[in-house]
Each structure stands twice: as C-alpha cells, then as structure tokens.
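Colleague: below is the sequence, then the predicted model.
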Protein chains: 4
Amino acid sequence: MRTRADTDTTGGTEDGSAVPVPRRLLAAATRLFAEQGYDRTSVQEIVEAAGVTKGALYHYFGSKDDLLHEIYGRLLRLQQERLDLLAGRDAPVEQRLREAAADVVVTTIDNLDDAMIFFRTMHQLSPEKQRQVRAERRRYHERFRALVEEGQRSGVFSTAAPAELVVDYHFGSVHHLGSWYRPDGRLSPQQVADHLADLLLRSLRP
Amino acid sequence: MRTRADTDTTGGTEDGSAVPVPRRLLAAATRLFAEQGYDRTSVQEIVEAAGVTKGALYHYFGSKDDLLHEIYGRLLRLQQERLDLLAGRDAPVEQRLREAAADVVVTTIDNLDDAMIFFRTMHQLSPEKQRQVRAERRRYHERFRALVEEGQRSGVFSTAAPAELVVDYHFGSVHHLGSWYRPDGRLSPQQVADHLADLLLRSLRP
Amino acid sequence: MRTRADTDTTGGTEDGSAVPVPRRLLAAATRLFAEQGYDRTSVQEIVEAAGVTKGALYHYFGSKDDLLHEIYGRLLRLQQERLDLLAGRDAPVEQRLREAAADVVVTTIDNLDDAMIFFRTMHQLSPEKQRQVRAERRRYHERFRALVEEGQRSGVFSTAAPAELVVDYHFGSVHHLGSWYRPDGRLSPQQVADHLADLLLRSLRP
Amino acid sequence: MRTRADTDTTGGTEDGSAVPVPRRLLAAATRLFAEQGYDRTSVQEIVEAAGVTKGALYHYFGSKDDLLHEIYGRLLRLQQERLDLLAGRDAPVEQRLREAAADVVVTTIDNLDDAMIFFRTMHQLSPEKQRQVRAERRRYHERFRALVEEGQRSGVFSTAAPAELVVDYHFGSVHHLGSWYRPDGRLSPQQVADHLADLLLRSLRP
DNA sequence: GATGAATGAGGCTTCATTCAT
DNA sequence: AATGAATGAAGCCTCATTCAT
C-alpha cells in the first residue's frame, strides 16, 4: 500500500526517461483510465504505456485501485485547498460564490482526465472505499453550500430553492463538463467558467 | 433504486414465472447494472436473477451490450416522444421550456435506474455503438436547444450565455440526479423538477 | 435417425421452394461444410440457408453427424457403382485401370464439395462411425488394387512398387484435387483425369 | 503417432518438469491435435497434458491459433531448408528431383504429427492467416516445380503432363501419407520414400 | 528496485439438442 | 410436418496479483 510515492523529477534528461517511475505510472494510468475507463484498462497496458514492468507497478502501488485513489486525491486536495482560500476571503458573498463557482470549473477543465475518471469511477468502487471518498467529497460540498446559505440569510440570494439543491445544480454542470467541453472549442476554460458562474448567480437573484 | 415497475406479473403463478423471459432478463439486468455497474455485473448474475439459463439470454439478446442498448432505447424513446409533444404545444416559449425542463427531470427520476446506467455506461461502449447512441441523444439535445434559442430571439430570455451552454448546464443537473436524489428524501420528483426548471428559467431572465 | 429421406422433387414451381426440405437441407449443409468446415458450421446456419427451422432438420435427420454421413454416402455409392462397372468390363487390364483411374478423378471433380467434406472430415468422426466409413472405403480401395495386381501378374505392369502403395499414390492425388483444382482453370475435369491416369499408367510401365 | 522426439528433457527432475513450458505446451498440443483434430481439442486438454495452467499458455502464445502456427512453422522451415539444399546441388536433374521427392516423404513421415495437423487444419484458419500460410507453402511448391521444368526443358523428362500437375500429383501422395502410413508397417520411411520417388521418376520417363 | 513467469478464478459466448405445442 | 424457446455444457480468453530471482 505504498501510495503517494512521487518523489519529484530527478534532473530529467531530454527523453523524459528520468521522470520517476511512480509519476510515469500515474500519468499513463490517468490517460488510459480517461480514454478507456478503469475496468477496461488492464494493468498490462498501464505498465507498457509507462515503459516499466508489472513488478515495478506493484513495487510502488499496492493495487490497481491504489492508482485510482491517488488520481482522485490529487484533484480533491487541489480543489479543497482553493475553495478554502476563496471562501475565506474578505469580500461580498456574491463575489466569493462567483469566484468559487468559476474556480471549480477552471480546475476541473485543467484536470479534465482526473475529473472524468473521478466522476465515472467513483460509483464502482468497493462500498468501503466509496464511503471514504464520499466523505472527502462531502466536506467540499458543504463548504460550498455554506456560501449559498450565507447569501440567502443576508438576503442577497433568493431562497426559492433549497441551498442543497442549488449546489447540486451547479455541481451537475461541473460533472457534465467532460461530456461536452473540448479544448479546441470556441470558449476558453475561463470563459466557460465565467458563463457557468454567471448562470448560477443569475438563478440566485431574488 | 429499482424505480420503475418490474411488477407487471401478467397472469403469473405464485413465483412470477409467467412474466415473459425477455422482460425478466431486462428487469434483472437493469437492477444489477444500476447497483453494481455494467462491467462489474456478470452475465451469470443476470440469468440467475432472472431465473433462466445463459442460453435463454442469448436466445433473445445478441450480447451483453444488447441488453444495455435496449435499456437505453426504452428511456430515449420515452423522453424524445414527450419532448416533441411538449415543445410543439401552442403556448409561450417560457412555459414550454419550463415544462420540458421539468419533464426531463421527472421522467429521469421515474426511470432512475435506466438513466444512471445510461449516463455512466454510454462512454464505455464500442466506438461504433457509442456514435449511434450519441446521434440519438443529439436529436434530443437539439430540440431542447431550439427552445432556448427561440426565447432568446424573441427577447424573453437573456442572451448572456450561448444557448448551447445553457442546455448543457441544465442537462448537467439532470445527469447528476442519480448522485444525490433519493426516493425517500424530502422532495418529491415533481418538486425537484419544478425547482430545477425554475433555476433554469431564472438564470435566463434578461 | 431417419436418414435418406429425399423423396424427390415434387413438381417444383419456379422459385425452388418446392424442392423437398430434406434435399434443401442437404444442399445447404454440403455448401457450408465445404466452405467453412464441419465443426465451424452451426446447425443454425444450415437451417437458415435452407430456409427452414431447427425442428425441421431434426425431423428428417437424427443429428448433425447424420447429414455428414448422408453426404458421404451419396459419393461413395456413386463411385463404387461406377468402379464395379468399369472393372468388370471385357477389356485389357491397362485400359480398365486407365478408365477407372480417370473416372474417380472426374466424379471427384464433379462432386468436389462432397469429396472435400469427405476427405477433411472423415478423421474427426467418432471412432465408431469412423470404422464404419473406413470399411466402405476399403471395399473401393481393394477393388482398385485388384486391377493393379492383375496387371502385375500378367506382366503388363511393373512390380517395382507394391500394388498397395501404387493405389495410395493415385488416391493421394485424388484427395489432393480440392487443394488446387479450380473449375475456371485451364484444364477440364476430363483433361485432368486423363493426365493423372496417364501418369499412373506411365509409372507402372515395366 | 507421436513421431518426433518430445524427449529432450534438459536436465530434468524425475517428472520432466524441467522441460521449458513453451516446449511442453507445443508437444502436448501437437500430440492432441494429431490425435483428435484441432477443433476437437480444447485448450483445457492441452494445458492439462502439459501440466500447466491456462494462464501460462496465454503467457507464451497469443491464442490457440498461434500454437498451430508454430507447429506449421517448424515443419515448413525444415522442409524448405532441405529442399533449397538438395535442389542447389551439383548433380543431374533426375538425381536432384529424385532426392528431393524422397526427402519430402522422409521428413513428412518423421514429423507425421506436424504434417497431418498441417494438411488437415490449414483450410480452416481465418482467411488472413490462411493466405499467409499459403504464401509460404507456395514458395516450396515453386522450387519443386522448377526442378521438373528444368528436366523437361533438357529433354530428360516427358512433357506429356504440365509440370504444375506433376508436382501436385506427387504432393498429393505426400499429403496422403497420414492416411495409410503406419510406423509399424512393412516399409521403412526411406523405403516408402524411394518407392514414391521412383513412381514419380518413372511417370516422367519420356 | 525491478523482473516476468505463472496462477486461478472468472468472463462472455456458442452450440447441438430437446420438447411442448 | 414443423416450430422456436430453452437447456446445459463446454469453449476460448483475460486479468489482477504473487513470488522466486
């Protein structure tokens, strides 16, 4: 169960073979899981794409599931950190919610592979691991909801819809990004983010 | 889960064995795919749950994929039919969009197993079948977008966000329903639908 | 085990659907076995090609093996009959052997599908059926060998090689026909037959 | 059957488990395919006979077909090598053809299992693999035919029959060996070979 | 740190045959 | 005379994981 073993780029010659093995494995797994799905990607494919052997994979990761978990973790930690930062700022709640809503869109697009893997695979983990991941996710969800509730209490947001449902409304669109967003499309990540945040804020106008 | 009626025992001896085999198989597959995911459900489990043998399954369905396709089809046909009906009515566009937006939520909740299977499994079909399904789905999407565009042209909806993106915003929340909606929760399907339709319409106010 | 049920063409309208079912089945099976091999042809394919259902097949034939047996029988009976006729004629032994040698080539080419099925499938029957078929085949073989021996005794054929081996030499080339003979090739069946019979007779010159 | 040596226990504890796994698998497959035919031999039987598990087989061979291909290859390579050697010698063409004709008989008998598998199974491969095998076989065939043509041009062989057909005549008898040759029969492989080569040469006398 | 051969369980699918109608 | 649903056994192959080196 040796997870989180990525010990940093050691110098790095031009061919990239100096990238540490754990990182190479994680990168290969991320790409393949995103392209083919978790179940349809074999350990053999991962090690071949990473240019190592099975023994190496099992040296760094306890199981195929561990790879998944690590991919999840990377994104979750990143987004949680940024939300805590933004929500804690000293600014009107509308602005803080708008920024938080846009930020989760941008970081999701910037890590679209990780995000898609997360959204699609979460529900097919063992119940035990599922509970663990859900718990981490919930903390994020609740911090976000607190922003909505704060605005509702202070009268700047409509209370027509329950805060809970509003948050799910927004996160639905974030989860859905992988189904339609294309890097070569007309809108930049930031533009998409601004639009979606705007839609959220508009829907909350009293 | 297990939302829609697998209860139509037609005639039926006490064990329900009078239900036609294909229906029994479809019901069993739907339940298991929803509970465990497509890849993690074996054909063996399906036939055991349906009380038949593997041979019988392959007598009616060409492959495990075919079962999936049939489940998709049921829902797609239902929703397309209803959208065509609602969108074609003689009523102000705000009202038609509101009803369509609410209707897709209600039918999705009413068929939550089918819907979740659809949303989660679509992207792990063979590229060929995936294209076919996407094409059917697109028709639905475009009819919906046409409503938004109609309202934007006539000035009743804001043009701040592209119609395309607005539609994806709403469908994101629909896809997301399976992640949080629980039949035993505080809100009825219709209430959830009304809320989500309201959020959509609010976000489109000029 | 109702074999040999072909009761003759009953009138026959223009679409061929008046061809009796057993004959249609036999024709379909012959073509498919020749094209794909016995094991790789399913009963389902046969009945579809014949335009009937499985029940019909099993009404006329006891098993898939029975179809095979019937195909064998047709050819064996034909060739045995003709050999008996030719060998019993009142003519010099060289002429009788030449004619017999050519005749088996012509009838094999004329029934190339049946022959190929026979040569290729014989050895994968159940040991019991295999013995039965071998016995029928042996009778043919021995009648042929008797001709060679007769010529050797009377001094018109060389005794350099055992008669047994000479016969196998010739039958080898007959069995091999399916591997190279093409109906659209340069040589007609009769020309091929004459050449092969000539090679046999030449190799027997003292 | 079981002609060629599967007896090269390299080192080897008492149970022969020191023979490399791929060789054990190949030996087992060869024996079983020859005895029962390719289609009627299951992968399960092969691995049991070789004393390994299915996983091991698929570690070394991509498919059941691959085993077959390897068996083919062994024989094809051997015979091609020997023909090239014999045909290129500095000797009268009659002698070179006689030796080549006898040699293919001897090596076929010495590897009768491989040969029979080849002759019987070739035609039931996938069209693609079939073309590949045919191409390799054709090279052998053409080298052989060149010898006949050389003799015909120089007048030592009759031109009554086309060279092509003469070659097929001979190869027919080679393919047929498995149908009658028995190791415990009266004739040794070399005697059979000499007789068959003699019949060929006799049939070519002008 | 890393190899790669081997395991063993399980996956999907095919098929000849039977039987009630 | 013919149907076609259903069986049940078997078939080929995949894969995450382990372990001796």
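Modeller: That came through, no problem.
Colleague: and the helices in chain A, which stretches?
Modeller: In order along the chain, chain A carries the following helices (DSSP state H): A:21-36, A:43-50, A:54-60, A:64-87, A:93-110, A:112-121, A:127-153, A:163-180, A:189-203.
Colleague: nearest to B:Ile46, out of those helices?
Modeller: Ranking these by distance to B:Ile46, with C-beta to C-beta as the measure, places helix A:127-153 first at 20.7 Å. C-betas here are computed from N, CA, C, even on glycine.
Colleague: can you point out the buried residues in that closest one?
Modeller: Within helix A:127-153, the residues scored as buried using 16 or more other C-beta atoms under 10 Å in any protein chain shown are A:133, A:137, A:140-141, A:143-145, A:147-152.
Colleague: and A:Gly12, what pLDDT?
Modeller: Model confidence at A:Gly12, given as pLDDT, is 39.
Colleague: also A:Ala5?
Modeller: According to the model, A:Ala5 carries a pLDDT of 40.
Colleague: how many neighbours does the residue lying closest to A:Ala27 once chain neighbours are set aside have?
Modeller: Distances taken as C-beta to C-beta, 6 or more residues apart in numbering or on different chains place A:Ala50 nearest to A:Ala27, at 7.4 Å, with adjacent residues excluded. Close neighbours of A:Ala50, defined as other C-beta atoms under 10 Å in any protein chain shown, add up to 22.
Colleague: contacts only, for A:Ala50.
Modeller: With contacts taken as C-beta atoms under 8 Å, 6 or more residues apart in numbering or on different chains, A:Ala50 has the following neighbours: A:Val21, A:Arg24, A:Leu25, A:Ala27, A:Ala28, A:Ala29, A:Leu57.
Colleague: so which bits of chain A are right by DNA strand F?
Modeller: A:Arg40, A:Thr41, A:Ser42, A:Val43, A:Gln44, A:Lys54, A:Gly55, A:Tyr58, A:Ser63, A:Lys64, A:Asp65 (C-beta under 7 Å from any atom of the strand).
Colleague: quick one: which of the contacts of A:Ala50 has the lowest pLDDT value?
Modeller: Comparing pLDDT over the contacts of A:Ala50, the lowest score belongs to A:Val21 (88).
Colleague: list the contacts for that residue?
Modeller: Shown here is A:Val21, whose contacts under the criterion C-beta under 8 Å, 6+ apart are A:Ala50, A:Val52, A:Ala56, A:Tyr60.
Colleague: could you measure from the residue of chain A found nearest DNA strand E over to chain D?
Modeller: Here the residue of chain A nearest DNA strand E is A:Gly55; by C-beta to the nearest atom of the strand that distance is 1.5 Å. Plainly put, A:Gly55 is 15 Å away from chain D if you go by C-beta to the nearest C-beta, to the nearest Å.
Colleague: now do the residue nearest to A:Ala160 when sequence neighbours are not counted against A:Val93, distance only.
Modeller: Taking C-beta to C-beta, 6+ apart, and ignoring the residues beside it in sequence, A:Ala160 has B:Asp198 as its nearest neighbour in space, at 6.3 Å. Shown here: B:Asp198 relative to A:Val93, a distance of 21 Å by C-beta to C-beta, to the nearest Å.
Colleague: mind giving me the domain ranges of chain A?
Modeller: Here the domain parsing of chain A from automatic domain parsing is A:1-62, A:64-203.
Colleague: what's the first-to-last distance across the last one?
Modeller: When you say that, I think you mean domain A:64-203. Its first and final residues considered, domain A:64-203 spans 42 Å by C-alpha to C-alpha, to the nearest Å.
Colleague: any residue of that domain touching DNA strand E?
Modeller: No. Counting by C-beta under 7 Å from any atom of the strand, DNA strand E is not contacted by domain A:64-203; separation bottoms out at 12.8 Å.
Colleague: any low-confidence regions in chain A?
Modeller: Low-confidence regions of chain A, defined by pLDDT under 70, span residues A:1-17.
Colleague: pull up the residues of it that are close to chain B.
Modeller: Taking C-beta under 8 Å from any C-beta of the partner chain as the criterion, the neighbours of chain B within chain A are A:36-37, A:39-40, A:120, A:123-124, A:158, A:160-162, A:165-166, A:168-169, A:171-177, A:179-180, A:187, A:192, A:195-196, A:198-200, A:202-205.
Colleague: how about 7 Å then?
Modeller: Counting by C-beta under 7 Å from any C-beta of the partner chain, the residues of chain A close to chain B are A:37, A:39-40, A:120, A:123-124, A:160-161, A:165-166, A:168-169, A:171-173, A:175-176, A:180, A:195-196, A:198-199, A:202-203, A:205.
Colleague: other residues contacting stretch A:132-140?
Modeller: The contact list for stretch A:132-140 (C-beta atoms under 7 Å, 6 or more residues apart in numbering or on different chains) reads A:Tyr72, A:Leu76, A:Gln79, A:Gln80, A:Leu83, A:Met122, A:Leu125.
Colleague: need the buried ones from those residues selected in ChimeraX.
Modeller: Command for ChimeraX, covering only those of those found buried under the criterion 16+ other C-beta under 10 Å:
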select /A:72,76,79,83,122,125
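Colleague: now, which of the contacts of stretch A:132-140 sits nearest chain B?
Modeller: Each of those was checked against chain B using C-beta to the nearest C-beta; the closest is A:Met122, at 8.7 Å.
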